[in-house]
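S.K.: Dropping a prediction and its sequence here:
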Amino acid sequence: MTQEITAETIMMNPRPVMEEDIVESTNVSIQSSDTFNPAEILVQVIQRPTDPLNSQLQNALYSWVAAGMAYQPVKDMFGGWIDVARNWQTKLFMRASSHKYLLMIDSDVGPPVEAPLLLRRHDKPVVSGVVCGLSRSRGGLFVCVALEGKDGTARFITHKHHKSLPQRGLLEVARAGTGCLMVRRDVLEALWDKYESDLRDQAISVSTIADLLEMDACGELKKLTADQRRATQAFLKRFNHLTDTFGSPFNIPQSVRDKAAEIGTMPLGEDIMFTKRVKEAGFKMYVDLEVQCTHDKVMTLQWPSDAIDENLGVEDFRVSLLDTPVETSP
C-alpha cells in the first residue's frame with residue numbers, strides 16, 4: 001500500500017538507491033548512472049496550508065523519494081507574501097550543502113515523473129519545465145517562460161500566436177516562472193552573495209553620504225570632491241525608485257509594489273524578479289520542451305450558507321474572545 005508523504009516521511013539524508021526502489025514510468029527508469037545521481041537533487045514543494053498537492057505531483061514524489069532524492073515540503077505561511085516564502089525556500093536549500101540542484105515545484109503543478117532526470121541532464125544553471133498559465137492580458141493560454149524577440153523585448157510564448165511547440169529540445173529564455181524549475185547551487189550562492197555585498201555597500205554609502213552632509217566648523221556643508229560626487233551619484237542611481245532591483249533573490253522591489261498600487265495589479269512577480277537577477281548575475285536560463293506539466297488553477301472560498309442567520313441583527317453581532325487575534329505576543 002502506498003504511504004502518504006508527510007513531514008514524517010521527509011528524506012533530508014537520502015539513502016542509496018536499492019534495486020527494489022527503481023520506479024518505472026513511461027518506460028523511463030529513474031536511477032543512478034554515470035551522469036545522473038538522484039541524491040544531488042533536493043525537491044521542494046511550496047504549499048499553502050489550505051491547498052492540496054496536485055495528484056500527478058503526489059505520484060511523482062513517491063517515485064522520486066524511492067529513487068533516492070530528498071523531498072522537503074515548504075509551507076507558505078505568508079499568504080500573498082510569496083517572495084518571502086520563496087526566499088526562505090532557497091535559504092533552506094543553502095543549508096542542505098550535500099545537494100547540487102534545487103528542483104522547485106508548486107503544489108498545483110503536475111510534472112512528468114522523469115522531470116528531474118530530464119532537467120538535470122543538461123547541467124545548466126537554470127532549467128524550467130513547460131508550465132502554462134491563462135491570462136487575458138497575455139492573449140489567453142501562454143507558457144510561463146519568455147523568450148527575447150528580435151527587438152530585445154522578452155515575450156511570453158502564447159498559444160494565440162504559436163499553435164504548436166516543438167516536442168523536445170532546449171530553448172534559452174529571458175524569464176521563467178517557478179512552477180517547475182531546477183536551479184544549480186552556484187546560482188543561488190551568487191545571488192545571496194550579491195545581496196549580502198549590496199547590504200554592506202549600502203551601509204557604507206549611507207554612512208558616507210551622512211558624513212558629507214555634516215557641517216564644518218564654520219557651519220558650511222562639506223564640499224564633495226569629484227570622486228565623492230561620482231560615488232554618491234552612482235549610489236543614488238543604483239537605488240533609484242525606477243530601476244531598483246536590489247534585494248534577496250525573490251524580493252519584489254518597493255518600486256514595483258508602488259506601481260501595483262497605481263494600476264491595480266502586480267506588474268512583476270517574484271519569479272520574474274528572480275530570473276531577472278539570474279540574468280544580471282551572468283547566468284543563462286533555459287526551458288526543456290520535453291518536460292510538459294499540468295497546472296491546476298481553481299480555488300473558491302465562500303462563507304457557508306447554513307452559517308448565516310437571517311434573524312441576527314448587526315447590532316447584536318460581536319466578535320468572540322475565542323476568535324484569532326490580529327497580533328499575537330512573540
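M.R.: Received, thanks. Residues are numbered from 1 along each chain as shown.
S.K.: got the CA positions of stretch 92-109 in CSV?
M.R.: In CSV, the C-alpha atoms belonging to stretch 92-109 read as follows (Å, rounded to 0.1, in the frame of the first residue of the first chain):
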residue,chain,number,x,y,z
LEU,A,92,16.7,26.0,3.4
PHE,A,93,18.3,24.7,0.3
MET,A,94,21.6,26.6,1.0
ARG,A,95,21.7,24.8,4.4
ALA,A,96,21.4,21.4,2.7
SER,A,97,25.0,21.5,1.4
SER,A,98,25.1,18.0,0.1
HIS,A,99,22.7,18.8,-2.8
LYS,A,100,23.8,20.4,-6.0
TYR,A,101,20.4,21.1,-7.5
LEU,A,102,17.2,22.6,-6.2
LEU,A,103,14.0,21.4,-8.0
MET,A,104,11.2,23.8,-7.2
ILE,A,105,7.7,22.6,-7.8
ASP,A,106,4.5,24.4,-7.0
SER,A,107,1.8,22.4,-5.3
ASP,A,108,-0.7,22.9,-8.2
VAL,A,109,1.8,21.7,-10.8
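S.K.: Tell me the buried residues in that stretch?
M.R.: 93, 99, 101-109 (16 or more other CB atoms under 10 Å). Bear in mind the C-beta positions are built from the backbone N, C-alpha and C, glycine included.
S.K.: So in terms of bridging, what pairs with residue 104?
M.R.: residue 44, residue 181 (DSSP bridges).
S.K.: and it, what is it in contact with?
M.R.: By CB atoms under 8 Å, 6 or more residues apart in numbering, the contact list for residue 104 reads 44, 46, 86, 89, 178, 180-183.
S.K.: mind running it again at 10 Å?
M.R.: Neighbour list for residue 104: 42-46, 74, 86, 89-90, 93, 128, 177-183, 271, 274 [criterion: CB atoms under 10 Å, 6 or more residues apart in numbering].
S.K.: Residue 145: neighbouring residues, count only.
M.R.: 25 (other CB atoms under 10 Å).
S.K.: And for the one 3 residues further on?
M.R.: Neighbour count of residue 148, defined by other CB under 10 Å: 14.
S.K.: Please report how far it lies from residue 157.
M.R.: 12 Å (CB to CB, to the nearest Å).
S.K.: Now for the two: what residues contact both?
M.R.: By CB under 10 Å, 6+ apart, the residues touching both residue 148 and residue 157 are residue 173.
S.K.: Please look at residue 37 and residue 70 and confirm they touch.
M.R.: No - the pair residue 37 and residue 70 fails to qualify as a contact (CB atoms under 10 Å) at a distance of 11.9 Å.
S.K.: between the two, who's got more neighbours?
M.R.: Between residue 37 and residue 70, residue 70 has the larger neighbour count (other CB under 10 Å), namely 23 against 17.
S.K.: need the contact list for the closest residue to residue 100 other than its chain neighbours.
M.R.: In space, and not counting its chain neighbours, residue 100 is closest to residue 40: 4.4 Å by CB to CB, 6 or more residues apart in numbering. By CB under 10 Å, 6+ apart, the residues touching residue 40 are 14, 32, 68-70, 98-101, 116, 120, 184-185.
S.K.: From residue 251, how far out is residue 40?
M.R.: The gap separating residue 40 from residue 251 is 27 Å, by CB to CB.
S.K.: Next: residue 284.
M.R.: 22 Å.
S.K.: So which of the two has more stuff around it?
M.R.: The residue with more neighbours, out of residue 284 and residue 251, is residue 251; 20 against 13, by other CB under 10 Å.
S.K.: Would you map the strands across the stretch 51-200 of the chain?
M.R.: 70-75, 101-106, 109-110, 126-130, 132-135, 140-148, 154-158, 170-173, 175-176, 180-184 (DSSP state E, counting those that start in this stretch).
S.K.: So what are the sheet partners of the longest one and their directions?
M.R.: Using DSSP bridges, strand 140-148 pairs in its sheet with strand 132-135 (antiparallel), strand 154-158 (antiparallel), strand 175-176 (antiparallel).
S.K.: Serialize those strands to CSV and add fields for mean neighbour count and mean pLDDT.
M.R.: Formatted as CSV, the strands paired with strand 140-148 follow (neighbours: other CB atoms under 10 Å; pLDDT from 0 to 100):
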stretch, mean neighbour count, mean pLDDT
strand 132-135, 14, 80
strand 154-158, 17, 82
strand 175-176, 24, 88
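S.K.: Which of these sits closest to residue 294?
M.R.: strand 132-135 (8.4 Å; CB to CB).
S.K.: Touching the closest one from outside, list them.
M.R.: By CB under 10 Å, 6+ apart, strand 132-135 touches 109, 140-144, 156-159, 177, 179, 292-295, 297.
S.K.: Let's see that with 6 Å instead.
M.R.: 141-144, 295 (CB atoms under 6 Å, 6 or more residues apart in numbering).
S.K.: In contact with the residue nearest to residue 180 when sequence neighbours are not counted, which residues?
M.R.: Leaving out its chain neighbours, the residue that sits closest to residue 180 by CB to CB, 6+ apart is residue 129, at 3.6 Å. Residues near residue 129 by CB under 6 Å, 6+ apart: 111, 115, 180, 291, 293.
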